[in-house]
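[1] Here is a sequence with its predicted model. Questions after.
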2 protein chains.
Amino acid sequence: MEQTQLTNSLQTYFNRLGHDIDLSILTLPVEPHSVSKGDYLFQQGDIASNFYFLSTGLVRYVSVSDEGKEFTQSFVKGPSVIGSTKSMVTKLKASFGIQALEDSIVLSYPWASFYEQMRHDKNFLEFYVKLLERIFIGKEERESAFMKHSAERRYLDFCVAFPGLKDTIQQQQIASYIGITPVALSRIRQKLKLC
Amino acid sequence: MEQTQLTNSLQTYFNRLGHDIDLSILTLPVEPHSVSKGDYLFQQGDIASNFYFLSTGLVRYVSVSDEGKEFTQSFVKGPSVIGSTKSMVTKLKASFGIQALEDSIVLSYPWASFYEQMRHDKNFLEFYVKLLERIFIGKEERESAFMKHSAERRYLDFCVAFPGLKDTIQQQQIASYIGITPVALSRIRQKLKLC
DNA sequence: GATATCACTTAACCTAGGTTAATTCCTTTC
DNA sequence: GAAAGGAATTAACCTAGGTTAAGTGATATC
């Protein structure tokens, strides 16, 4: 894909969020990656101080417990901004990795230049605020879902929240998103079929 | 407590976050409340479009499931900024209420004026970004703790995260924070005593 | 075309935590 | 000081989901 097409897709995404972002962002150093299915954009433990834009494709945020179990924290479909806010902001190790579930195209910007840009351009800063708020509100929903709902309900919610995804990605990954084992998920699906 | 003392405590808090906030914030309309132990600052379902500053005291964020069960999403000790980001930003109903666990003193600012202030004062906006980032990162930790750790581990983590709190607040509230019943928490504490 | 390999299912068994209820111990309140 | 309500404990029982393992298709590899 052409470089200009890529930056255009970012521009389109920004505009859609309802802000007149100064086009000067497009002068930032850009590195387009193409990430193959299964590959990681970065791993848990890396210092992922880049701001990523997933232009096309599908990824999941995945973290591994001390006992070696995988947990999927989120699925994200392009176009969307992705990355570890924590790692960008604090320069600490990311507490999750980002794995492509489909071949994906990602643009990356050094957070430092992004941050510098923000300090000079209020529109830019406001855009970032919007972004934080959005993800933030999503997180709030998920947190309470985990406390309040059963695994079965969480599976049904998943199907609604990510329509189509349930037939295109592996069940083990759905299970790890819901917070149960693949075996348990299989049982739940079995039970739902009977209804 | 004197009005000036209160605004000073807000000023101090802001400064501590490392930003030169324009003092003009202090000209915003301020309403100091004093919230008694057990009372709610606002309830789940309210449109809580205020920006609150908990000057002194202790509160919990509590939401109730469809079945009527209470869930504590967080404890916050003053001085700290509190409120429902979602409700402020989207003007939708808050998905939790804020209840005082100790007699508390709270300042409230209409979000609209706060927002207006931000649009004119970049320092202000940057402060808000810092705030969002901080809460955001905290949420990330909690989310993964819920997936990865057992209730016992979550209890131990709670004791570390909120030192002293375990002896001053009710166990049912700790249980609802950990995501288990008071009965289960009692069992866990019993078991830990034996070790 | 035979054989690994991997995703998924199914079944048997186990455990953490939920539910209900009885008991004790505190506070209030009169 | 008696009575009543709430908080915590303990015990008996139940259930959702974990664990292990065997079986079934698929797809990949030789």
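    Cool, got the structure.

[2] anything in stretch A:188-195 sitting right up against DNA strand C?
    Yes. Remark: stretch A:188-195 sits within contact range of DNA strand C at A:189-190, by Cβ under 7 Å from any atom of the strand. C-beta here means a position set from N, CA and C on the backbone, and glycine is covered the same way.

[3] got the buried residues for that stretch?
    Within stretch A:188-195, the residues scored as buried using 16 or more other Cβ atoms under 10 Å in any protein chain shown are residue A:188.

[4] quick one: contacts of it?
    Residues outside stretch A:188-195 that contact it (Cβ atoms under 8 Å, 6 or more residues apart in numbering or on different chains): A:151-152, A:155-156, A:171, A:180.

[5] rerun that using 10 Å as the cut-off
    The contact list for stretch A:188-195, computed with Cβ atoms under 10 Å, 6 or more residues apart in numbering or on different chains, reads A:150-156, A:159, A:166, A:171, A:174-175, A:178, A:180.

[6] Which PyMOL command selects the buried ones in those?
    Buried members of the contacts of stretch A:188-195, defined by 16+ other Cβ under 10 Å, are picked up in PyMOL with:
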select buried, chain A and resi 151+152+154+155+174+175+178+180
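
[7] and residue A:42, what is it in contact with?
    Counting by Cβ under 10 Å, 6+ apart, residue A:42 makes contact with A:48-50, A:52, A:83-84, A:87, A:94, A:96-99, A:108.

[8] typo on my end, residue A:166
    Residue A:166 sits in contact with A:155, A:158-159, A:174, A:189, where contact means Cβ under 10 Å, 6+ apart.

[9] same thing but 6 Å
    Residues near residue A:166 by Cβ atoms under 6 Å, 6 or more residues apart in numbering or on different chains: residue A:159.

[10] For chain A, what lies in contact range of chain B?
    Taking Cβ under 6 Å from any Cβ of the partner chain as the contact definition, chain A meets chain B at A:63, A:65, A:71, A:85-86, A:89, A:122, A:125, A:129, A:132-133, A:136-137, A:139, A:143-144, A:146-148, A:179.

[11] again, 8 Å this time
    Residues of chain A lying close to chain B by Cβ under 8 Å from any Cβ of the partner chain are A:63, A:65-66, A:69, A:71, A:73, A:85-86, A:89-90, A:95-96, A:119, A:122, A:125-126, A:128-129, A:132-133, A:135-137, A:139-144, A:146-148, A:179.

[12] For the longest helix anywhere in chain A, which residues meet the burial criterion?
    Counting residues, the longest helix found in chain A (DSSP state H) is helix A:122-148. Across helix A:122-148, burial judged by 16+ other Cβ under 10 Å covers A:122, A:124-129, A:131-133, A:135-137, A:139-140, A:142-144, A:146-148.

[13] One more: stretch A:73-81?
    So, applying 16+ other Cβ under 10 Å, buried residues of stretch A:73-81: A:73-81.

[14] Now do the same contact list for residue A:149.
    Residue A:149 touches residue A:157, counting by Cβ under 8 Å, 6+ apart.
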